[in-house]
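Would you be able to build a 3D model of this:
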Amino acid sequence: MMISDFELLSEKVAMLAELTHTLRSENASLRNDVALLATQKAEMQQRMQQASDRVSALLALLPAEVVNDEEAA
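Predicted coordinates for the structure are as follows:
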C-alpha cells in the first residue's frame, strides 16, 4: 500500500511539473503577444495623430466661410 501511495504521488508530481512547464511556455508566449500589441498600439496612435494633424492642416486651408458652414451643419 505504501508503494502505491508513492507511485500515485510521483505521478501527481510529474503531472504538476508538466503543467508548470506548459503554463510557463504559454505565459512566455502571452508576454510576447502583449509586447507586440503594445508596439502596434503605439504605431497606430502615432498614425492617428498624423492623420489628425493632416486633417487640421487641411481645415486651416479652407476659407472661413466653408469652415463655418461645416460647423453649423
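
For the longest helix seen in the chain, what does the pLDDT average out to?
When the chain is parsed with DSSP state H, its longest helix is helix 2-61. In this model, helix 2-61 has a mean pLDDT of 96.

show me what contacts residue 26?
Counting by CB atoms under 8 Å, 6 or more residues apart in numbering, residue 26 touches no other residue. C-beta here means a position set from N, CA and C on the backbone, and glycine is covered the same way.

Could you measure from it over to residue 20?
In this structure, residue 26 and residue 20 are separated by 11 Å, where distance is defined by CB to CB, to the nearest Å.

Could you do residue 58 as well?
Relative to residue 20, residue 58 is positioned 57 Å away (criterion: CB to CB).

host element of residue 65?
With the criterion set as DSSP states H and E, the secondary-structure element containing residue 65 is helix 64-72.

State the mean pLDDT of that helix.
Averaging pLDDT residue by residue across helix 64-72 gives 66.

Now do the contacts for residue 2.
No contacts exist for residue 2 under CB under 8 Å, 6+ apart.

so how far is residue 16 from it?
If you go by CB to CB, the gap between residue 2 and residue 16 works out to 21 Å.

hmm, back to that, where's the longest helix of the chain relative to the chain centroid, distance-wise?
Remark: helix 2-61 is offset 7 Å from the chain centroid, using CA atoms, centre = their mean, to the nearest Å.

Could you do stretch 52-64 as well?
Taking the mean C-alpha point of stretch 52-64 and that of its whole chain, the gap between them comes to 33 Å (CA atoms, centre = their mean).

try stretch 60-67
Distance, stretch centre to chain centre, for stretch 60-67: 39 Å (CA atoms, centre = their mean).

quick one: contacts of that stretch?
Residues outside stretch 60-67 that contact it (CB under 8 Å, 6+ apart): residue 59.

Can you give me the neighbour number for residue 65?
Taking other CB atoms under 10 Å as the criterion, the count of residues near residue 65 is 8.

And for residue 4?
Residue 4: 8 neighbours (other CB under 10 Å).
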